[in-house]
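A.B. asks: based on what follows, work out the 3D shape:
(2 chains)
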Amino acid sequence: MDIIQKNLLEQVADLHEVPKGAYNIRANGELSSRNTTANIDIVTKEDKPGIDIIIKPGTKNESVHIPVIISESGVKDMVYNDFYIGEGADVVIIAGCGIHNMGMETSKHDGIHTFYVGKNAKIKYVEKHYGAGDGNGENVMNPETVIIMEEGSYMEMETTQIKGIDSTIRVTTAKLEAGATLEIRENIMTHGKQYAKTDFSVDLNGADSSANVVSRSVARDRSKQEFFSVINGNSECRGHSECDAIIMDEASVSASPQLTANNIDASLIHEAAIGKIAGEQLIKLMTLGLTEQEAEEQIINGFMK
Amino acid sequence: MLELKNISYVVEDENGQEKVILDDISLTIDEHFVAITGPNGGGKSTLAKIIAGIITPTSGQILLDGEDITGLNITERANKGISFAFQQPVHFKGLTVKDMVSIASGKTMTTHQVCDILSEVGLCARDYVEREVNNSLSGGELKRIEIAMILARGTKLSLFDEPEAGIDLWSFNSLIKVFEKMRDDINGAILIISHQERILNIADKIIVLANGKISNIGTKEEVFPKLLLEAVNCKRLEEKI
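C.D. replies: Below you'll find the model as predicted:
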């Protein structure tokens, strides 16, 4: 693995070397390295590109890293990764995609991640997207996440895109059975002429299921962001979605929440706020000795934390 | 320490008429603990904001230790040694108490150091360091954090704009103790806008600002008797008292 690939790996997976536990590193559209454990198996799909990650029931305190890195210009990669999380397991899954595009051609990574979260299983899924490169080639990523949650399961999803992705359409759909809980936290920052679209759709099918979808974003320069969230309450359930955006320069942000209650005991809430950095926040930090620019950075860093 | 020379601030009201907020204010602050009081709308907060650089005066000059700082912006004045505690503390999404106190002190602080400062204002750090500075905190808690930031800076001039505003009586009683302690400990000067007798009681000098002008200035013995008379400027009310 060369320096560029190592740097990408650090950005998307906080990895400085080969991770402990199970992992599958995909570089420039091909398998780079893989490790499985007694409880976590990783199998290459035979009918299409991608892998099956099979976590045995009852697996506790283990992690899986599945970073994808693209360091050649013009690579168009598409993968299907399926996660089977066994009953009662408790694991952390870290995925991420880093593109370093020095060339003139578009580099593109599209991935469909499907999670089958077994009864009473608990997972934390962390996903980071990062792009770099000095060329004029575009970095494009379109991640799709499908979540199927069985009774009493819990999933926490943290998705971050801070830098360098020129165009992204992120689609997440989830179906929750009784007593399942889904927590999604999204952080997006766009620069230049970047475009980011987020599309969440959650079906709360089982009694006492709940979902909390929180998106925080910053749109700078002339970038454009669109946020869609749909929560359908089909039983006695709780759903909450929140879109909070800071708009700067000549950017554009739109938020389109949609709540549908199909059951009298469904309790659904949406909050959306778009606005520039409050002047009084800047002034407060300037009275503490920061310049206006430093104050702006602190506010954004805190907001995206 | 601080000298204001002929400070005026004039704005245009909605009818296009000139409205004088501050009218030719000149004063010198060399004492350790100075209080500004007076009726609402008298120009007190405007004066504090002019000293901090948040508002630019229409005319006049501000000197800090003999140096003209009239043309300096907020950041430059902060770095010259002026701190300002807002009347309404500002909320920040994502920035924690620890972040804010660290920014105020100008260095990365350990939890232990933040703890020391928070205990000065009567907060148990363990419960607060990682809390976001937003509306999940009560008015009294936000006020204390606002004051903690001023303590963390430890500059030669600290301005407080009505620290008692918006907090309950219980919080206020313990806040008074904070100011009494600060008066004894702090090296620099404190300029505090307040209506509270207990704050005015510990001031070395009291400035009464009404209708944009200094109507009285002196020690509490000199100012108090007249202040009570001025408070009752309504004939009907006077008859009732």
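
A.B. asks: how about stretch B:68-87 and chain A, any contact?
C.D. replies: Yes. Remark: stretch B:68-87 sits within contact range of chain A at B:73-75, B:78-79, B:82-84, B:86, by CB under 8 Å from any CB of the partner chain. Placement of C-beta: from N, CA and C, glycine included.

A.B. asks: can you tell me which of the residues you listed has the most neighbours?
C.D. replies: Highest neighbour count within those: B:Phe84, with 29 neighbours (other CB atoms under 10 Å in any protein chain shown).

A.B. asks: okay, the host helix or strand of that one in PDB with CA atoms only?
C.D. replies: Assigned by DSSP states H and E, B:Phe84 belongs to strand B:82-85. Output in PDB follows, covering the C-alpha atoms of strand B:82-85 (Å, rounded to 0.1, in the frame of the first residue of the first chain):
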ATOM      1  CA  ILE B  82     -10.900  43.900  27.700                       C
ATOM      2  CA  SER B  83     -13.400  41.200  28.600                       C
ATOM      3  CA  PHE B  84     -17.200  41.500  28.300                       C
ATOM      4  CA  ALA B  85     -19.800  39.300  29.900                       C
END
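
A.B. asks: can you list contacts of the following helix or strand past it?
C.D. replies: Using DSSP H and E, the helix or strand that follows strand B:82-85 in sequence is helix B:97-105. Residues outside helix B:97-105 that contact it (CB atoms under 8 Å, 6 or more residues apart in numbering or on different chains) are A:285, A:288, A:290, A:298, A:302, B:92, B:108-109, B:111, B:113-114, B:117-118, B:128-131, B:133, B:145, B:148-150, B:152-153.

A.B. asks: got any ranges where the stretch 1-150 of chain A has weak pLDDT?
C.D. replies: Filtered on pLDDT under 70, the stretch 1-150 of chain A yields the residue ranges A:1, A:14-19, A:134-136.

A.B. asks: now the strands: where do they sit in it?
C.D. replies: Per DSSP state E, counting those that start in this stretch, the stretch 1-150 of chain A has strands spanning A:22-27, A:30-35, A:40-44, A:50-55, A:60-70, A:76-85, A:90-100, A:107-117, A:122-132, A:139-149. These are given in chain order.

A.B. asks: partner strands of the next helix or strand after the last one and their direction?
C.D. replies: With elements assigned by DSSP H and E, the helix or strand that comes after strand A:139-149 is strand A:154-163. According to DSSP bridges, strand A:154-163 has the following sheet partners: strand A:122-132 (parallel), strand A:181-190 (parallel).

A.B. asks: how far off centre is strand A:154-163?
C.D. replies: Distance, stretch centre to chain centre, for strand A:154-163: 4 Å (CA atoms, centre = their mean, to the nearest Å).

A.B. asks: just the mean pLDDT for it, thanks.
C.D. replies: Strand A:154-163 comes out with an average pLDDT of 91.

A.B. asks: for that strand, buried residues please.
C.D. replies: For strand A:154-163, burial by neighbour count (16 or more other CB atoms under 10 Å in any protein chain shown) applies to A:154-157, A:159-162.

A.B. asks: any idea which residue sits dead centre in chain B?
C.D. replies: The centre of chain B sits closest to B:Phe160, judged by CA atoms, centre = their mean, with a distance of 1.6 Å.

A.B. asks: and that one, bridged to which residues?
C.D. replies: Note on B:Phe160: beta-bridge partners by DSSP bridges are B:Ala85, B:Ile192.

A.B. asks: quick check, pLDDT for it.
C.D. replies: 95.

A.B. asks: that one against B:Ile192, yeah?
C.D. replies: Yes. Counting by CB atoms under 8 Å, B:Ile192 is a contact partner of B:Phe160 at 4.3 Å.

A.B. asks: tell me the secondary structure for B:Leu200?
C.D. replies: With DSSP: H, G, I helix; E, B strand; the rest coil as the basis, B:Leu200 sits in helix.

A.B. asks: what number of residues lie near it?
C.D. replies: For B:Leu200, the neighbour count with other CB under 10 Å is 19.

A.B. asks: what's the burial count for the closest residue in space to it that isn't next to it in sequence?
C.D. replies: Nearest residue to B:Leu200 in three dimensions, chain neighbours excluded: B:Ala35, at 5.1 Å (CB to CB, 6 or more residues apart in numbering or on different chains). When neighbours are counted by other CB under 10 Å, B:Ala35 registers 25.

A.B. asks: for B:His195, grab phi and psi.
C.D. replies: phi -110, psi 0 (degrees, to the nearest 10).

A.B. asks: list the contacts of it.
C.D. replies: Per CB under 8 Å, 6+ apart, neighbours of B:His195: B:37, B:162, B:164.

A.B. asks: just give me the closest of these to chain A.
C.D. replies: Of all the contacts of B:His195, chain A sits closest to B:Glu162, with 15.9 Å by CB to the nearest CB.

A.B. asks: and chain B, which residues reach chain A?
C.D. replies: Residues of chain B lying near chain A (CB under 8 Å from any CB): B:52, B:54, B:73-75, B:78-79, B:82-84, B:86, B:90, B:92-96, B:99-100, B:103-104, B:106, B:149, B:153.

A.B. asks: please, which helix or strand holds the residue in the stretch 201-305 of chain A that chain B sits nearest to?
C.D. replies: Distances between the stretch 201-305 of chain A and chain B by CB to the nearest CB are smallest at A:Gly302, namely 3.4 Å. For A:Gly302, the enclosing helix or strand under DSSP H and E is helix A:292-304.

A.B. asks: buried stuff in that helix?
C.D. replies: By 16+ other CB under 10 Å, the buried positions in helix A:292-304 come out as A:294-296, A:298-300, A:302-304.

A.B. asks: now stretch A:92-104
C.D. replies: A:92-101.

A.B. asks: now swap in stretch A:201-213 and tell me
C.D. replies: Those would be A:201-206, A:208-213, for stretch A:201-213 by 16+ other CB under 10 Å.

A.B. asks: so how far is the first residue of that stretch from its last?
C.D. replies: End-to-end span of stretch A:201-213 (CA to CA, to the nearest Å): 10 Å.

A.B. asks: ok, stretch A:228-238 next?
C.D. replies: Using CA to CA, the two ends of stretch A:228-238 sit 19 Å apart.

A.B. asks: pLDDT on that stretch, on average?
C.D. replies: 97.

A.B. asks: repeat that for stretch A:190-208.
C.D. replies: On average, stretch A:190-208 scores 95.

A.B. asks: ends of that stretch, what's the gap?
C.D. replies: The first-to-last residue distance of stretch A:190-208 comes to 36 Å (CA to CA).

A.B. asks: unless I'm mixing things up, A:Ile40 is touching A:Glu62, no?
C.D. replies: Yes. Shown here, A:Ile40 and A:Glu62 form a contact pair, counting by CB under 8 Å, at 6.0 Å.

A.B. asks: now for these two: what residues contact both?
C.D. replies: When contacts are counted by CB under 8 Å, 6+ apart, A:Ile40 and A:Glu62 have A:21-22, A:55, A:91 as shared neighbours.

A.B. asks: of these - the most surrounded one?
C.D. replies: Highest count within the shared contacts of A:Ile40 and A:Glu62 by other CB under 10 Å belongs to A:Ile55, 27 neighbours.

A.B. asks: okay then, goodbye and thanks.
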